[in-house]
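Student: let's see this in three dimensions:
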Amino acid sequence: MFAAVSAGELWVESYQGEVLGETLFGLLAARQEDPVRRHELEVLTVLERATKELAEPVLDARGLDRGDTAATVASAETMADSVAGISWAQLLGSIEPVTVRFLAKYEELVRLSEDAAERSVAETYVAHERALASFARRSLGEEDGEPLERILALPHVAAALG
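Tutor: Residues are numbered from 1 along each chain as shown. Next up is the predicted model:
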């Protein structure tokens, strides 16, 4: 599926995806007036940041530049402005299609992993994306359970939240 993309390029793209998510959810949280929704967006921000940070040692070990973070942040800022006027349900509904795309990339990272440590990070990326999709489905009433449960159960998120 990603034959034309090297593992290194896929790692950088995945890392920048987390930069985008962290920035977008952070901006949306800052604008959110509802305290419950603001809290959920703040947790999603931590999810993206903590997941991004897991890839930094992989990028370093592979000798990879992290990519154009400034451009990714600018893109997230534009996205935050464009979704400002949509409903909460529309925002939640927009999450799963994105997670499907990134899940395929992260599963490819698992397949392309060079060692156990790298594979562990890639597997955590997969788990993170599945938890994010579950959050959206649960928030929309499409899946049973507390929306943040699967995210808060991820060890790297729990550690980041202290």
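Student: so how far is residue 88 from residue 25?
Tutor: Residue 25 is 13 Å from residue 88, where distance means Cβ to Cβ, to the nearest Å. Placement of C-beta: from N, CA and C, glycine included.
Student: mind listing what's buried along whichever strand or helix holds residue 93?
Tutor: Secondary structure from DSSP states H and E places residue 93 in helix 88-112. Using 16 or more other Cβ atoms under 10 Å as the test for burial, helix 88-112 gives 91-93, 95-96, 98-99, 102-103, 105-110, 112.
Student: what lies in contact with the helix or strand following that helix?
Tutor: Sequence order places helix 116-139 as the next helix or strand after helix 88-112, per DSSP H and E. Helix 116-139 has contacts (Cβ atoms under 8 Å, 6 or more residues apart in numbering) with 14, 40, 44, 47, 51, 54-55, 57-58, 61, 92-93, 95-96, 99-100, 102-103, 106-107, 109-110, 112-113, 143-151, 153-154, 156-157.
Student: tell me the contacts of residue 106?
Tutor: Neighbour list for residue 106: 14, 122, 125, 126, 128, 129 [criterion: Cβ under 8 Å, 6+ apart].
Student: now do stretch 134-144: distance from first to last residue.
Tutor: Using Cα to Cα, to the nearest Å, one end of stretch 134-144 lies 9 Å from the other.
Student: next, the buried residues of it.
Tutor: In stretch 134-144, counting by 16+ other Cβ under 10 Å, buried: 134, 135, 136, 137, 138, 139.
Student: likewise stretch 55-72?
Tutor: Neighbour counts over stretch 55-72 (16+ other Cβ under 10 Å) mark 55, 58, 59, 64, 66, 67, 72 as buried.
Student: where does pLDDT dip in this structure?
Tutor: Applying pLDDT under 70 to the chain picks out residues 1-4.
Student: burial count for residue 39?
Tutor: Look at residue 39: counted by other Cβ atoms under 10 Å, it has 13 neighbours.
Student: and for residue 24?
Tutor: Residues near residue 24, counting by other Cβ under 10 Å: 23.
Student: the residue nearest to it when sequence neighbours are not counted sits in which helix or strand?
Tutor: Distances taken as Cβ to Cβ, 6 or more residues apart in numbering put residue 76 closest to residue 24, at 4.4 Å, once the chain neighbours are dropped. Element membership of residue 76, judged by DSSP H and E, is helix 69-83.
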